[in-house]
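**Q** sequence first, then the predicted structure:
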Amino acid sequence: MMVKPKHQRLALGLAALAAILGASGLAMSAFKDQAAFFYAPGDIAGKPLPLNRNVRLGGMVEKGSVKHGADGVSIRFIVTDGKAKVPVAFRGVTPDLFREGSGVVAEGQFQPDGSFVADNILAKHDERYMPPQIEGKMHKTDSLKP
Amino acid sequence: MIAEGGLAALWIAAAMALVQLVLGGSAAKSGADELMRATRKIAIVQGLLALIAFLMLIWLFVRSDMSVLLVATNSHSAKPLIYKIAGAWGNHEGSMLLWVTVLGVAGAGVAVFERRLDGKTLAATLAAQAVLALGFYAFLLLASNPFLRLDPAAPDGQGLNPLLQDPGLAFHPPTLYFGYVGLSVAFSFAVGALLTGQVGPAFARAMRPWVLIAWFFLTIGITAGSYWAYYELGWGGWWFWDPVENASLMPWLAATALLHSVTVLATRDGLRAWTLMLAVVAFSMSMIGTFLVRSGILVSVHAFAVDPTRGTFILALLAIYIGGALALFGWRVGTVKQGSTFQLVSREGALVLNNLLLSVILGIVFIGTLYPLVAQAMGQQLSIGAPFFNKAAVPVTIALVVATMAGPMLKWRKDKWAALGGKMLLPLAAAITVVVIMMVVMPGTHIVPLLGLAAAAGLAVASMVPLLGRNLRRTPLHIYGMVISHFGVAVCIAGMASDTAFKQERLSAMRVGETVSVGPFKAKLTEVRPIIGDNWSALEATLSVRRNDGAPFRLQPQQRYFSQPVTTTSEAAISTMVDGQLYTVLGASDGQGRYQLRLWWKPFVTFIWLGGFMIALGGLMAMVGRLRRERRVEEDAE
């Protein structure tokens, strides 16, 4: 049984199409669950919280807000963008450049009470490096002078 | 004068590339021998000039010539020699010069070694290589001149990012670039073949070694990069789905598909148009990768601050080359004659499946990497991280592993389901055994690592099947290459799955004298003291660790402070054992005598990189084996 070239091309084309559709389907479903949207505290103040999904929260670590837990590895701090504040809890080693009054991006989930539990605090590896996401948000809020 | 010499060499090289384009173009049209020979020679001269320019830059860095802007901003006279040399490519301009150098030298390599390709196609290939080179010379000379002078000279340099001061990283970018830019040869071959219409087994055999060598370097580069990120960033992870990592993974996926499809073309004269397309896509991915890294538009640990005109320049180059190649493909593909067809149940059928699945994974990584940029342009801010890629790519990868198991068992042309089924029994049994054992020993293991372990076991067994019934001494080297590469994939997946399923983590704040346990280990913090290095100072913790009741050994993780530029880095201390690694990181002090310490026990995590190197080694063996074999065939024919 020899296949005609034309038919084989058609079959391959269909297979490729199916593969593309499959890939898009997988990507879409994964995307719906997993794409992490970025919020500044002011974005969600007074709005329904995006619960049960991974998001990123960015802003400044409020001066004087960092509290170390008794176990030595948990911390609590407040992220602010000048319009609103969100309390954040995190357990782990904070990145080298994490300090009060400087920019931070926390990855994690909002809690029903409006606080935020971070799984990860994004590391800034370079003092010149500023996540563009933060930069954009910062420019919008004039009240924040570093 | 060195800087001026380097700049002059670059300008002349660019002029040579222009000559190469004109000569190669007319040689491709007329097929005249003198033109052909001249094109080859010009290509060699062009490669040498680029190499000279690059060596000049290294020399400037070694001498710490602070009257050169690039040296002053990226080096420091107090740096160890190796990092002075590596500093030459640890920055934007230098790395682009390295890129062009590899491009030129690869073109020269084609001119010197390529004897199998027909004359016209070779001339067209060299002309295409010259077009690529011209664009990047323009980029260097007009927008990223590495030899710019600084007047007056700086008293001393600003130093190299301390994260980059690491022996592994000194050689990581060149290795990746050999891979990235090596794929330019495949791209130029495809463009040449599209222009002359000469696509067939001979073309595929000529292209194959170039694809294999580029793929070899890419594989080594990615593996080494992964290990570097693992021990240097101190997060205990080995793959972050960071956009810059994805930028290196995308050309690798395309090149992997290409080296399989080129085999179908060489052996069975099938997949002609598809192979050309993949060659175009593979180098396009390399260029997109360069654009992503070098334009600074990504949020990434690798993000370099670069001015936007450069991003625009590279983007324009990308549009011209990729758009041009695709347009050429659309215009000329009709002249490429239909190759032979194939049966579904056959080696080539499995290789088509391999190509299809690799393309799907490539598509997923591509979308996941670039979508955030598109979204940002449309005013929405989001990031796509590991969970997305794991969820979307893992199922396809598992299917790909099954195809990898079956492929080498199938005969070319035509095979039977029943024969395949018989050979698959043993690997399937191995996979099922692993699943059963895991269900009993560790119920509740997550499905992804469970599937990973099963796939690894199945593939490890299946990869050996092609050796069954062969005389092992007379088995050709390229078969061993395939077996080792496929076995390496199994080893690599086993490492990933094992680390995901079995790793244990302990995070605690400890005083000197206290002990914590993780996995089978007990670690006692015996001392924390300051120490001084070449161009850094550090806080170093000393841990005395025992495994069960074995002899104690020491681990000394550090927090390092660099003054040029001011940066802190965590230096993880890692103990490697046969069955895994103990990974320790020193965190901050709480100011009351307690230090944060993070410990991981990572069983068999080393398999990830061991497997990566086996995959690369297999590629090298396949290349050497094929070349030797073809030479023997040629000698027999004479």
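**A** Now that the structure is in, tell me what you want to look at. Numbering: from 1, shown residues only, chains lettered A, B, ... in the order given.

**Q** when you work out contacts or count neighbours from here on, use the C-alpha atoms and nothing else.
**A** Will do.

**Q** which strand or helix spans the spatially most central residue of chain A?
**A** With the centre of chain A defined as its mean C-alpha position, the nearest residue by C-alpha atoms, centre = their mean is A:Arg56, 2.3 Å away. For A:Arg56, the host element (DSSP states H and E) is strand A:55-61.

**Q** ditto for B:Ser575
**A** Following DSSP H and E, the helix or strand that holds B:Ser575 is strand B:573-577.

**Q** helices or strands up against that strand?
**A** With contacts defined as 3 or more C-alpha pairs under 8 Å, 6 or more residues apart in numbering or on different chains; DSSP states H and E, the secondary structure elements packing on strand B:573-577 are strand B:553-555, strand B:580-589.

**Q** any residues touching it, and which ones?
**A** Applying C-alpha atoms under 8 Å, 6 or more residues apart in numbering or on different chains, the external contacts of strand B:573-577 come out as B:Tyr231, B:Leu555, B:Gln556, B:Pro557, B:Gln558, B:Gln581, B:Leu582, B:Tyr583, B:Thr584, B:Val585.

**Q** give the contact list for B:Gly31.
**A** Counting by C-alpha under 8 Å, 6+ apart, B:Gly31 makes contact with B:Gly119, B:Lys120.

**Q** quick check: the gap between it and B:Asp118.
**A** 10 Å (C-alpha to C-alpha, to the nearest Å).

**Q** what does B:Val293 give?
**A** With the distance defined as C-alpha to C-alpha, B:Val293 ends up 37 Å from B:Asp118.

**Q** and the strand holding B:Ser575 with strand B:580-589, angle?
**A** Put simply, strand B:573-577 runs at 170 degrees to strand B:580-589, going by axes from the mean of the first three to the mean of the last three C-alpha atoms, to 10 degrees.

**Q** in strand B:573-577, which residues are buried?
**A** Of the residues in strand B:573-577, those with enough neighbours to count as buried (16 or more other C-alpha atoms under 10 Å in any protein chain shown) are B:Ala573, B:Ile574.

**Q** the closest residue to chain B within chain A pairs with what?
**A** For chain A, the residue positioned closest to chain B under C-alpha to the nearest C-alpha is A:Phe37, at a distance of 4.1 Å. Legend: beta-bridge partners of A:Phe37 under DSSP bridges are A:Val55, B:Leu382.

**Q** tell me the SS of A:Asn120?
**A** strand (DSSP: H, G, I helix; E, B strand; the rest coil).

**Q** ok, the nearest residue to it once chain neighbours are set aside to B:Ile384 distance?
**A** Excluding its sequence neighbours, the residue lying closest to A:Asn120 (C-alpha to C-alpha, 6 or more residues apart in numbering or on different chains) is A:Glu107, at 5.2 Å. Using C-alpha to C-alpha, we find A:Glu107 at a distance of 12 Å from B:Ile384.

**Q** tell me which element the residue nearest the centre of chain B falls in.
**A** Relative to the mean C-alpha position of chain B, the nearest C-alpha, by C-alpha atoms, centre = their mean, is the one of B:Leu218, at 3.1 Å. In this structure, B:Leu218 is located in helix B:201-232 according to DSSP H and E.

**Q** I'd like to know how many residues surround the closest residue to B:Ala111 other than its chain neighbours.
**A** The shortest distance from B:Ala111 to any residue other than its chain neighbours is 4.8 Å, reached at B:Arg40 (C-alpha to C-alpha, 6+ apart). Here the count is done by other C-alpha atoms under 10 Å in any protein chain shown, and B:Arg40 has 25 residues near it.

**Q** from B:Gly107, how far out is B:Arg40?
**A** From B:Arg40 to B:Gly107 the distance is 9 Å (C-alpha to C-alpha).

**Q** ditto for B:Gln338
**A** When distances are taken as C-alpha to C-alpha, B:Gln338 and B:Gly107 turn out to be 29 Å apart.

**Q** give me the neighbour count for residue 81.
**A** Looking at chain A here, since you left the chain open. Per other C-alpha under 10 Å, the neighbour tally for A:Asp81 reads 25.

**Q** um, chain B though
**A** Counted with other C-alpha under 10 Å, the burial measure for B:Leu81 works out to 14 neighbours.

**Q** nearest spatial neighbour of it, chain-adjacent residues omitted?
**A** Take B:Leu81 and drop its neighbours on the chain: the residue closest to it by C-alpha to C-alpha, 6+ apart is B:Val62, 6.8 Å away.

**Q** for the one you found, give me the pLDDT.
**A** Here the pLDDT value assigned to B:Val62 is 93.

**Q** cool, and B:Ala13?
**A** Note on B:Ala13: pLDDT of 96.

**Q** thought it was touching B:Leu51?
**A** No. Between B:Ala13 and B:Leu51 no contact is recorded; they are 9.6 Å apart, counting by C-alpha atoms under 8 Å.

**Q** neighbour count winner among the two?
**A** B:Ala13 (28 against 24).

**Q** SS state for the more buried one?
**A** B:Ala13 carries the three-state label helix when classified by three-state DSSP.

**Q** so it versus chain A, what's the distance?
**A** When C-alpha to the nearest C-alpha, to the nearest Å is applied, the distance between B:Ala13 and chain A equals 35 Å.

**Q** in contact with the closest residue to that residue other than its chain neighbours, which residues?
**A** With C-alpha to C-alpha, 6+ apart as the criterion, B:Ala13 has its nearest non-adjacent residue at 4.9 Å, and that residue is B:Gln46. Counting by C-alpha under 8 Å, 6+ apart, B:Gln46 touches B:Ala13, B:Ala14, B:Met16, B:Ala17, B:Gly104, B:Val105, B:Ala108.

**Q** go on, B:Arg511?
**A** Contact partners of B:Arg511, counting by C-alpha under 8 Å, 6+ apart, are B:Leu525, B:Gly593, B:Arg594, B:Tyr595.

**Q** surely the first one is within a helix?
**A** The reference is to B:Leu525. No. The assignment for B:Leu525 is strand, going by three-state DSSP, so no helix is present there.

**Q** just give the nearest non-adjacent residue to it, would you?
**A** Leaving out its chain neighbours, the residue that sits closest to B:Leu525 by C-alpha to C-alpha, 6+ apart is B:Leu543, at 4.6 Å.

**Q** how about that neighbour, secondary structure?
**A** For B:Leu543, the secondary structure call by three-state DSSP comes out as strand.

**Q** wait, isn't it in contact with B:Val528?
**A** No. With contact defined as C-alpha under 8 Å, B:Leu543 does not count as touching B:Val528 (9.1 Å).

**Q** between these two, which one's more packed in?
**A** Between B:Leu543 and B:Val528, counted using other C-alpha under 10 Å, the more crowded position is B:Leu543 (24 against 19).
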